[in-house]
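[1] can't give you the sequence, but here's the structure:
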């Protein structure tokens, strides 16, 4: 009787083929994992602006032990790409956009038909940094006493949001005077035409001087909000000296 323990050639080929298939699959999985660990594209699909305004929402909310509800404006932002990465000599983190200044303007009509008599409020906040494709919200508040005094509704009659990135303003309108797709929610629909927007902005630029400091970014509000606040970025404190 033969004592040869070696596999017959056909059996050996089958076993070898199985081992080879297992190794090939493992290599493929490792390769896919490595690709998955790479950074996602840094520019949003179809996005021309480094930062876009995804949405603007208004609500009234009780803050802390305050008597009257405050008006709350939530501006949802999305960083699309770091504009500094266009400079081949610049050393930047393409996954983050820094120093995003958000300026909001609210316009409330009153009994007067003259726009110069209406109520104008403006405030700014500068986001320290935002990760690309990770939306965050910046919140602004009008104090309840002002809301009651000026008889303000939850939502202003007109509003607009302006964005600066690294000190450079992001245009709200394209060369043809149409609202940019990235900022469709940044401007109230009734002033979305360039001429109407310019008139509203001119009136607001003159009117906000008498209400400076009333509309506040969230980091200057001392009271807790009873409404669930969405994830917000960190801010550069512009109310104190910075280096």
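    Now that the structure is in, tell me what you want to look at. Keep in mind that this is a model prediction, so the values were computed, not measured.

[2] tell me the SS of the spatially most central residue of the chain?
    What sits nearest the mean C-alpha location of the chain, by Cα atoms, centre = their mean, is residue 77, with 1.1 Å. At residue 77 the chain is in strand, as set by DSSP: H, G, I helix; E, B strand; the rest coil.

[3] with residue 205 instead?
    For residue 205, the assignment made with three-state DSSP gives helix.

[4] hmm, back to that, my guess is the residue nearest to the centre of the chain contacts residue 101, does it?
    No: between residue 77 and residue 101 there is no contact under Cβ atoms under 8 Å: 11.0 Å. To be clear about C-beta, it is placed using only N, CA and C from the backbone, and glycine gets the same treatment.

[5] what is in contact with these two at once?
    Shared contacts of residue 77 and residue 101, defined by Cβ atoms under 8 Å, 6 or more residues apart in numbering, comprise 127, 163.

[6] circling back: partners of the residue nearest to the centre of the chain in the sheet?
    Residue 77 forms beta bridges with residue 53, residue 136, as assigned by DSSP bridges.

[7] show me the domain layout of this structure.
    8-38, 51-236 (automatic domain parsing).

[8] so which of those is the most surrounded?
    domain 51-236 (a mean of 17; mean count of other Cβ atoms under 10 Å).

[9] next, the distance between the ends of that one.
    17 Å (Cα to Cα, to the nearest Å).

[10] which residues of this structure fall in helices?
    Using DSSP state H, the helices of the chain run over 9-37, 144-149, 194-207.

[11] check which helices and strands the second one sits against.
    Think helix 144-149. Contacts defined by 3 or more Cβ pairs under 8 Å, 6 or more residues apart in numbering; DSSP states H and E place helix 144-149 against strand 70-79.

[12] tell me the gap between the strand it packs on and the middle of its chain.
    Using Cα atoms, centre = their mean, to the nearest Å, the distance from the centre of strand 70-79 to the centre of the chain it belongs to is 8 Å.

[13] spit out the contact partners of residue 143.
    Listed by Cβ under 8 Å, 6+ apart, the contact partners of residue 143 are 66, 70, 214, 216.

[14] can I assume the second one is in contact with residue 58?
    Looking back up the chat, that one is residue 70. No: taking Cβ under 8 Å as the definition, residue 70 is not a contact partner of residue 58, at 11.3 Å.

[15] quick one: end-to-end distance for stretch 147-154.
    Span of stretch 147-154 from end to end, Cα to Cα: 9 Å.

[16] which residues are in contact with that stretch?
    Contacts of stretch 147-154 (Cβ under 8 Å, 6+ apart): 58-60, 68-71, 108, 110, 119, 142, 146.

[17] which one of the residues you listed is nearest residue 192?
    If you rank these by distance to residue 192 using Cβ to Cβ, residue 58 comes first, at 17.2 Å.

[18] how near is that closest one to residue 153?
    9 Å (Cβ to Cβ, to the nearest Å).

[19] and for residue 147?
    For residue 147 relative to residue 153 (Cβ to Cβ), the value is 9 Å.

[20] just residue 112 next, same as before
    For residue 112 relative to residue 153 (Cβ to Cβ), the value is 16 Å.

[21] and residue 52, by the same measure?
    Using Cβ to Cβ, residue 52 is found at 27 Å from residue 153.
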